[in-house]
Each structure stands twice: as C-alpha cells, then as structure tokens.
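**Q** Okay, here's the prediction I keep looking at, along with the sequence it came from:
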Amino acid sequence: MFTDAKTRSFEHAVAMSAVSILPERLEGPLSVAIRATFPRTAELARVYKRNDTLKHPQRGLWHVQKPDADNVAKSVLDGLKSFMDDKQVALLRVEKTYADMVLVDGEWRQKPAVVHVEIETL
C-alpha cells in the first residue's frame, strides 16, 4: 500500500515523540484516545476590526474536513507500531478540532496545531 510523504513524515514524528515517553513495548488490550487540533482557516480565525471580536467561537470548533478521523487514527497507530500492535486497541476515540484562539498582547492568535495521544492498558 502506498503512503504519501506527508503521512510518512507525520508517522515518523509520532514515533520520535513516543521514544522518550514509551520505554518499552506495550502488552495486552489498550485504550487509545487521540485529540488532533488543526490550524484554522482564515475565515475561522477572522476578527471583526470594529470591536476586535472573533467571528467564530474562541474554542470548541469541530474539524469536519479531511483528513477523516479514521485516517488520523491510522497514521497515529502506524507511528506507534514499534510500541504496540493495532490489534491490541480495544477502545479507540478520535477527536478533531480547530485550534483555539487566544488573546496575546491585545491580538487574537491561534494556538499551535497538535496531536495529543493517551494510551492506557485495559
């Protein structure tokens, strides 16, 4: 199966991040929770100039664009293949949101886009 360069790069970043956190291979059934935060589009980050307020909510905007949640999960799990096998995942949760907006020195800015992964043994 073909994996594009951008996806391979993401999987590699997941693996490199996991090296310092997961000291050894995980055993048994696992629960995996993934929270992926994506950059806002220019429209979703729009600020009204007349009163310096956001057009869209500051936080909690669901990301309903590509990549699909199942593809996010697949890329994260593929990046963790040195530490676990996909078949060990008995419980999987994937959340996709746009980055929250924060006020910094009087100016609205996006928080960084990140992927947060929690793994628990069941």
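**A** Noted; the coordinates are in hand.
**Q** Strands along the chain, start to end?
**A** Ranges of strands in the chain, per DSSP state E, are 30-38, 47-48, 53-54, 89-98, 101-104, 107-110, 115-121.
**Q** most neighbours per residue, which of those strands?
**A** Of all these, strand 30-38 carries the top mean neighbour count, a mean of 18, counting by mean count of other CB atoms under 10 Å. Bear in mind the C-beta positions are built from the backbone N, C-alpha and C, glycine included.
**Q** now the angle between strand 115-121 and that one, please.
**A** Orientation check (axes from the mean of the first three to the mean of the last three CA atoms, to 10 degrees): strand 30-38 against strand 115-121 gives 170 degrees.
**Q** what sits up against strand 30-38?
**A** With CB atoms under 8 Å, 6 or more residues apart in numbering as the test, strand 30-38 has contacts from 63, 65, 72-73, 76-77, 84, 88-100, 111-122.
**Q** Nearest approach to Pro23 belongs to which of the strands of the chain?
**A** Closest of these to Pro23 is strand 115-121, at 12.7 Å (criterion: CB to CB).
**Q** closest one to Ala13 among the strands of the chain?
**A** Ala13 lies closest to strand 115-121 among the strands of the chain, at 8.7 Å (CB to CB).
**Q** what packs against that closest one?
**A** Other helices and strands packing on strand 115-121, by 3 or more CB pairs under 8 Å, 6 or more residues apart in numbering; DSSP states H and E, are strand 30-38, helix 69-79.
**Q** By residue count, which helix of this protein is the longest?
**A** Longest helix of the chain, by residue count under DSSP state H: helix 5-19.
**Q** Name the residues of that one that are buried.
**A** For helix 5-19, the buried set under the neighbour-count rule, 16 or more other CB atoms under 10 Å, comprises Thr7, Phe10, Glu11, Val14, Ala15, Ala18.
**Q** So what angle separates the directions of that helix and helix 69-79?
**A** Using the same axes, to 10 degrees: helix 5-19 against helix 69-79 is 50 degrees.
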